[in-house]
Every structure is written in structure tokens, then in C-alpha cells.
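Enquirer: Got a sequence here, can you model it:
(one chain, ligands or ions: 3)
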Amino acid sequence: MGGDLCSRAMALVVGAGLVLVLALVSVHAELQRFEQPVKPDGSLSFLVVGDWGRRGDFNQSQVALQMGRIGEELDIDFVVSTGDNFYDNGLTGELDPAFEESFTNIYTAKSLQKQWYSVLGNHDYRGDVEAQLSPVLRRIDTRWLCLRSFIVNAELVEIFFLDTTPFVLSYFTDSEGHTYDWRGIKTRRTYIANLLKDVESALKASTAQWKIVVGHHAIRSISHHGDTKELIKHLLPILRANTVNFYMNGHDHCLEHIRDSESPIQFLTSGAGSKAWRGDIKQTNRGNVSFFYDGQGFMSVRLTRSNAEIVFYDVFGEALYTWNVSKQLHSAI
Ligand SMILES: *[C@@H]1O[C@H](CO)[C@@H](O)[C@H](O)[C@H]1NC(C)=O
Ligand SMILES: *[C@@H]1O[C@H](CO)[C@@H](O)[C@H](O)[C@H]1NC(C)=O
Ligand SMILES: *[C@@H]1O[C@H](CO)[C@@H](O)[C@H](O)[C@H]1NC(C)=O
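Expert: Numbers count the residues shown, from 1 in each chain. Ligands and ions are numbered 1, 2, ... in the order given. Now for the predicted structure:
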């Protein structure tokens, strides 16, 4: 009798423990991972484009054409989209024709028929945000993969894709007449705290030669939107502490390369996939800017174990700027 009571009490304790463990696991779901093979020679190349979906207008088609040409030249392995995939207000649903009109029918070159890894931008949150994440789109065009936050592991590099829109407080407090689709984000505080924990532990665990973080919003920018103060405060310290090599973003419709004053991180903006030429350039941080171009274009990245080569191209596919870094040099900075 006594033994029976005791074992029943034990079962209760074990049961409660299990519930607790399950609760912790569900709050701290790890970021989803995707494996991306490298070339037989161990190198990897990809293109980065942002702020593009305008049914071909504002030179989107011209940029796409040149992406195809450069993609062929570099024999790219995949394409990264830094968000604001569909203007003006994301997609209206899974069957919004804008998906094909702005993506499938625009990036038609053979070299671009590769996996696209995409994050969401603030304009994407102004539509049916879950539509862009839906497997239905992946069935319409198998290249498409957009998730809120995830990791791509390609042997010599790990790329951490982050959902940066919920970081920006003003979208919640002063939305300027826009409606944001915050389904899936119960509270902003919890969402970003969990994301930061997940990315920090994933970065700490990473043994890849190169670590790249991709988000829609700039940490540093001298263009229209400028720095994102929430990312400087919450994300940048984590990137600095975990020797991230590159932070890549869109949001500002330009191409730019800015150095970090306190770490080897390089800030690379590629948000010039369609409408550009804003013309307003901020004077802050000017001294850390290695390159700035206000017009349309895109970026290429070529990685080997010891070397990274970043190139920015304009709407004619002309290389405007090339930046090389070697791993030895890099760790010595
Ligand atoms: C398209 O690109 C050309 C060359 O940079 C530029 O002169 C033109 O203004 C662009 N068109 C638009 C709509 O931005
Ligand atoms: C470089 O950026 C830092 C912030 O990272 C800023 O404090 C500093 O003033 C900038 N330097 C110049 C010369 O603009
Ligand atoms: C960058 O490095 C690559 C590979 O080592 C080399 O082929 C290329 O010429 C370099 N580019 C520049 C601008 O130094």
C-alpha cells in the first residue's frame, strides 16, 4: 500500500518534469537547418538581391537579366533575398499572382534556377505574411524558400537568416497607417528575446570557417533609413562576440559596404533589386564607409576556405566594387 502511494507520487513528479521539459523545448525550438552542398573544389558562390518584387518595373527586369549573366559566370549555387520580396504590401495570399509576376516570370535565366533563400521585409509583413512562408508557394515555384528565421549550412559557411522586422519598435507603436500582420508573434519582447537566444547559441556552436548573418534591416547604413538602433542594441553585441564575418541586409535601396569600428564584421547592403535612387545620404558613419552606390544592382559572394570575394554590380552588370578578404588576414585584424 505504502509502496503503491510512493510510486504514484514518483509518477506524478516524473510526469510534471516531463511537462516542464516539453514546455522548455517548445519555447526554445531550435532554428530550422538546411544543408547546402558546396562545389567539388570546395568553393561556393551566390548572389544577394533585396527589395525587388515590382512586376519587372523600376529596372527589376534589367537587374534580373544581369543577375542571370553573372550567375552563369560564377556558376552560382543559390540566391539570397534580403526581403521586401513583394511590393507594396507583400502577398494577398498563397495564390496572389504577384508571386509569379514578380518572381517566377522575372528571374528566368538558367543560372537563377537554383534554391532561393529569402527572409521577410517590413513590406512583406503588410500583406498576408504567412502566405510567403507557405509550402504552397514552394509547389508553384520550387526555388522558393522563405521562413522567418533559419540556418543554411554549407560546410565552409553557416548562414543565419533572421527575421528583423519585429525588432523595429515603431512598426508596432507608430505604423503610419500601414497594417502589419503580426500573426505568429504573440509579443514582440518574447519573440525577439527567444530569437536572440536561438541565434546566439547557434553561433556559439558553429565551427564553420565563415559565419554570415542575413536580415532585412541594416545594422549600419548611410542611406534613407540609416542605422537600425534596435539591431545595434540587441543583435550587434552577439555578432561581435561570436566573430561573425558579414552581416548582409536590404531595406535601404542601395549597395553599400561599411566597416565596423570595433570588430572585423563587414556590413553589406544589397537592397537595390528594383526602385532606387533615393538621393538622401546621411553624414553619420561616413568615415567607416568603403563603398556606396545609390542606384539599382546586386551583389555576388564567392567563398573558399581561405578567401571571400564580394562584388557589387549595377543594372548593366558592370562590377562597381570588389572587396577581397583572406582568412589569415581577417583573424589578424
Ligand atoms: C534604370 O537604370 C538606369 C541606369 O542606372 C537609370 O538611369 C534609370 O533612372 C533607372 N530607372 C529607374 C526607373 O530607376
Ligand atoms: C565609425 O562608426 C562608429 C560606430 O560604429 C562611429 O562611432 C564613428 O564615429 C564612425 N567613424 C567615422 C569616422 O565616421
Ligand atoms: C580576389 O581573390 C581572388 C581569389 O584569390 C582573385 O582571383 C581575385 O583577383 C581577387 N580580386 C581582387 C580585386 O583582389
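Enquirer: quick one: buried residues of the host helix or strand of residue 68?
Expert: Taking DSSP states H and E as the definition, one finds residue 68 inside helix 60-74. Residues of helix 60-74 classed as buried by neighbour count (16 or more other CB atoms under 10 Å): 60-68, 70-71, 74. Glycine gets a C-beta too; all of them are placed from N, C-alpha and C.
Enquirer: Return the member of these nearest to residue 177.
Expert: Nearest to residue 177, judged by CB to CB, of the buried residues of helix 60-74 is residue 60 at 25.5 Å.
Enquirer: which ones are touching the closest residue to ligand 3 within the chain?
Expert: Among the residues of the chain, residue 324 lies closest to ligand 3, at 3.6 Å counting by CB to the nearest ligand atom. Residue 324 makes contact with 307-310, according to CB atoms under 8 Å, 6 or more residues apart in numbering.
Enquirer: do residue 172 as well
Expert: Contacts of residue 172 (CB under 8 Å, 6+ apart): 180, 182, 188.
Enquirer: Ok, residue 301 next?
Expert: 45-48, 246, 308-310.
Enquirer: quick one: it from ligand 2, how far?
Expert: Between residue 301 and ligand 2 the computed distance is 23 Å (CB to the nearest ligand atom, to the nearest Å).
Enquirer: Which of the helices or strands spans that residue?
Expert: Taking DSSP H and E as the definition, residue 301 sits inside strand 297-303.
Enquirer: Any residue of the following helix or strand past that strand touching ligand 3?
Expert: Per DSSP H and E, the first helix or strand lying C-terminal to strand 297-303 is strand 307-314. Yes - for strand 307-314, a contact with ligand 3 is found by CB under 6 Å from any ligand atom, at 307, 309.
Enquirer: Just the mean pLDDT for the helix or strand following strand 307-314, thanks.
Expert: For strand 307-314, the following helix or strand on the C-terminal side (DSSP H and E) is strand 319-326. For strand 319-326, the mean per-residue pLDDT is 97.
Enquirer: what's the answer for stretch 154-164, then?
Expert: So the average pLDDT for stretch 154-164 ends up being 97.
Enquirer: Now it: buried residues?
Expert: 154, 156-164.
Enquirer: What residues does the stretch 201-333 of the chain have near ligand 3?
Expert: With CB under 6 Å from any ligand atom as the criterion, the stretch 201-333 of the chain comes near ligand 3 at residues 307, 309, 322, 324.
Enquirer: can you list the residues of the chain near ligand 2?
Expert: Within the chain, the positions adjacent to ligand 2 are 261, 285-288 by CB under 6 Å from any ligand atom.
Enquirer: Could you give me the PyMOL selection string for whichever of those residues are buried?
Expert: Here is the PyMOL selection string for the buried members of the residues of the chain next to ligand 2, based on 16+ other CB under 10 Å:
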select buried, resi 285
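Enquirer: farthest-separated two in the residues of the chain next to ligand 2?
Expert: Checking those with CB to CB, the most distant pair is 261 and 286, at 12.3 Å.
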